[in-house]
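Undergrad: Turn this into a model:
(one chain, ligands or ions: 1)
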Amino acid sequence: MTPPGGAAAPLYLDYQATTPVDDRVFEAMRPYFREHFGNAASTTHAFGWRADAAVTLAREQVADALGATSPEQVIFTSGATESNNLALLGSAEARRRRGRHLISVATEHPSVLDPLGALAERGFDVTLLPVGPDGVLDPEVLRGALRPDTLLVSVMAANNEIGVLQPIESLAAIAREAGALVHCDAAQAVTKVPFDVSALGVDLVSVSAHKCYGPKGVGALWVRAPRVRPAPLLFGGGHEAGLRPGTLPVPLLVGMGAAFEIGSALREHEAATLVKLRTQLLARLREGLGDAIAVNGDLERRLPGNLNLRVAGIDATLLVSALSDVALSVGSACASATPQPSHVLKALGLPDAALRGSFRVGLGRDTDAQTIDRAASRLLEEIDLLRRAAPAGTLRDRPDLASAGNVE
Ligand code: PMP
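TA: Okay, the predicted model is just below:
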């Protein structure tokens, strides 16, 4: 695969934000922009048939990657944001007779938390469960929160900031026992860790193509059965079994199908490589920084390509901007004027100084040992400069930074 960005580009270590389109995926998509440009809904000519056949294949590829029993369960959307909105808003609408209570988790993605906020404003009752200092939701905490009127439980498979994997199978069993639907945002998990909808016992699953080397702007909601169908949010030409109208973006769907197929085939090998590289990076940083560096969230129960680190005595926003040659992210959504500390790291119970010192490293398909070596050297260099610049006795060497919430 061609390294993203070319020779002079910064090292890319932000694979949870997005991934480059895999060369094979790009080649699969290419003919569908021009030669095979037909509308998959055109039933009267070969252009339409060709497009429809491509969509059928993509639906099968996505279904296979999810362990689904039927491709018809896959509803294509514009991405996981839309899938999450459809699952939550649509289920609340479809199941209002069952109740007005929904449960989710404090560390979810904004595309889950914000629709839940909108539902709360419309009179639904929303419970957000806490996680432990390791980032994991205890199934017993879910059990305690379920009510007879709970219509849906939404828990992500893998967190986008700290990479922590939730025990979906146990959580789903408890929720279903109580009669609630189970939605899972698997945008970061699919093709990265084992994820099989049949084995997990979930009802609705959101996925996205651009997190696994497919194109941006396309995703899917997997819907187990007609009985658990959400109400549609959009109305139009009846596409996607009436759940999501709109002309299908055939090239994007072809890309998503190819990306899911390739990702599933490579998963085990890729995961082993990424864990090795991640271990190498962590070892280098620990060698240079000792106890001043710690991992946020459980290190083992985690996406293979994720590290979320905190360094005592630094402001991570200064670190990532100083590292113009390494693309990293701070786990915080920066509103224009006021940087907001990450709600995920806050949910781990980290003190403010630790939140300030935290950043995310995302490894992926193009990461190699050389990239890790170079990134480790640059990180150590810039961290050293920042730590020297920090006035003694302020942020530096505070024991709470090195120990609080350290769950490795
Ligand atoms: N959920 C999670 C866990 C994510 O990481 C993301 C992307 N950051 C989304 C949902 C939204 O996905 P999309 O970009 O496809 O809308």
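Undergrad: rest of the way, CA atoms for contacts and neighbours
TA: Fine.
Undergrad: Would you state the helices of the stretch 151-300 of the chain in chain order?
TA: Ranges of helices in the stretch 151-300 of the chain, per DSSP state H, counting those that start in this stretch, are 168-177, 197-200, 250-289.
Undergrad: The ligand: which of those helices is closest?
TA: Judged by C-alpha to the nearest ligand atom, the one of the helices of the stretch 151-300 of the chain that comes nearest to the ligand is helix 250-289, at 11.3 Å.
Undergrad: Could I get the buried residue list for the closest one?
TA: By neighbour count with 16 or more other C-alpha atoms under 10 Å, helix 250-289 contains the buried residues 250-264, 267, 270-271, 273-275, 277-278, 280-282, 284-285, 288-289.
Undergrad: Also stretch 31-43?
TA: Residues Tyr32, His36, Phe37, Gly38, Asn39, Ala40, Ala41 are the ones in stretch 31-43 that count as buried (16+ other C-alpha under 10 Å).
Undergrad: Find the pair from these with maximum spatial separation.
TA: For the buried residues of stretch 31-43, the farthest-apart pair by C-alpha to C-alpha is Tyr32 and Ala41; their separation is 14.7 Å.
Undergrad: re earlier: what's the closest of the helices of the stretch 151-300 of the chain to Trp49?
TA: For Trp49, the closest of the helices of the stretch 151-300 of the chain is helix 250-289, at 11.8 Å, according to C-alpha to C-alpha.
Undergrad: what's that closest one packed up against?
TA: helix 23-29, helix 46-66, helix 369-389 (3 or more C-alpha pairs under 8 Å, 6 or more residues apart in numbering; DSSP states H and E).
Undergrad: quick one: it to chain centroid distance?
TA: Distance of helix 250-289 from the chain centroid (C-alpha atoms, centre = their mean, to the nearest Å) equals 13 Å.
Undergrad: and it with helix 369-389, angle?
TA: Here helix 250-289 points in a direction 50 degrees away from that of helix 369-389 (axes from the mean of the first three to the mean of the last three C-alpha atoms, to 10 degrees).
Undergrad: Now the most centrally placed residue in the chain. Nearest residue, chain neighbours left out?
TA: Taking C-alpha atoms, centre = their mean as the criterion, Gln188 is the residue nearest the geometric centre of the chain, at 3.0 Å. With C-alpha to C-alpha, 6 or more residues apart in numbering as the criterion, Gln188 has its nearest non-adjacent residue at 5.6 Å, and that residue is Ala158.
Undergrad: which ones are touching the closest residue to Ala231 other than its chain neighbours?
TA: In space, and not counting its chain neighbours, Ala231 is closest to Gly90: 4.3 Å by C-alpha to C-alpha, 6+ apart. Contacts here follow C-alpha atoms under 8 Å, 6 or more residues apart in numbering; on that basis Gly90 touches Pro230, Ala231, Pro232, Leu233.
Undergrad: out of the residues you listed, which one sits closest to the ligand?
TA: Nearest to the ligand among the contacts of Gly90, counting by C-alpha to the nearest ligand atom, is Leu233 at 15.8 Å.
Undergrad: List the contacts of that closest one.
TA: Applying C-alpha under 8 Å, 6+ apart, we find Leu233 in contact with Leu86, Leu89, Gly90, Leu243, Arg244.
Undergrad: and of the residues you listed, the nearest to the ligand?
TA: Nearest to the ligand among those is Leu86, at 11.9 Å by C-alpha to the nearest ligand atom.
Undergrad: Leaving out chain neighbours, which residue sits closest to that closest one?
TA: Closest residue to Leu86 apart from its sequence neighbours, by C-alpha to C-alpha, 6+ apart: Leu233 at 6.4 Å.
Undergrad: Within range of the ligand, give me the residues from this structure.
TA: By C-alpha under 6 Å from any ligand atom, the residues of the chain that approach the ligand are Ala17, Gly79, Ala80, Thr81, His109, Ser111, Asn159, Asn160, Asp185, Ala187, Gln188, Ser208.
Undergrad: So what pairs up with the spatially closest residue to the second one that is not a sequence neighbour in the strands?
TA: Sequence neighbours aside, Gly219 is the residue nearest to Gly79 in space, at 3.7 Å (criterion: C-alpha to C-alpha, 6+ apart). In this structure, Gly219 has the following beta-bridge partners (DSSP bridges): Thr77, Ser208.
Undergrad: does Gly219 really touch Val74, like I thought?
TA: No - at 9.7 Å, Gly219 and Val74 do not qualify as touching, with contact defined as C-alpha atoms under 8 Å.
Undergrad: how about Thr107, secondary structure?
TA: coil (DSSP: H, G, I helix; E, B strand; the rest coil).
Undergrad: Hmm, it is touching Glu161, no?
TA: No - in this structure, Thr107 is not within contact of Glu161 by C-alpha under 8 Å, at 9.1 Å.
Undergrad: what is in contact with these two at once?
TA: By the contact definition C-alpha under 8 Å, 6+ apart, Thr107 and Glu161 are jointly contacted by Val344.
Undergrad: tell me the pLDDT at the nearest residue to Ala41 once chain neighbours are set aside?
TA: Spatial nearest neighbour of Ala41, chain neighbours left out: Gly48 (6.3 Å); criterion: C-alpha to C-alpha, 6+ apart. pLDDT recorded at Gly48 is 98.
Undergrad: tell me the contacts of Gly48?
TA: Gly38, Asn39, Ala40, Ala41, Ser42.
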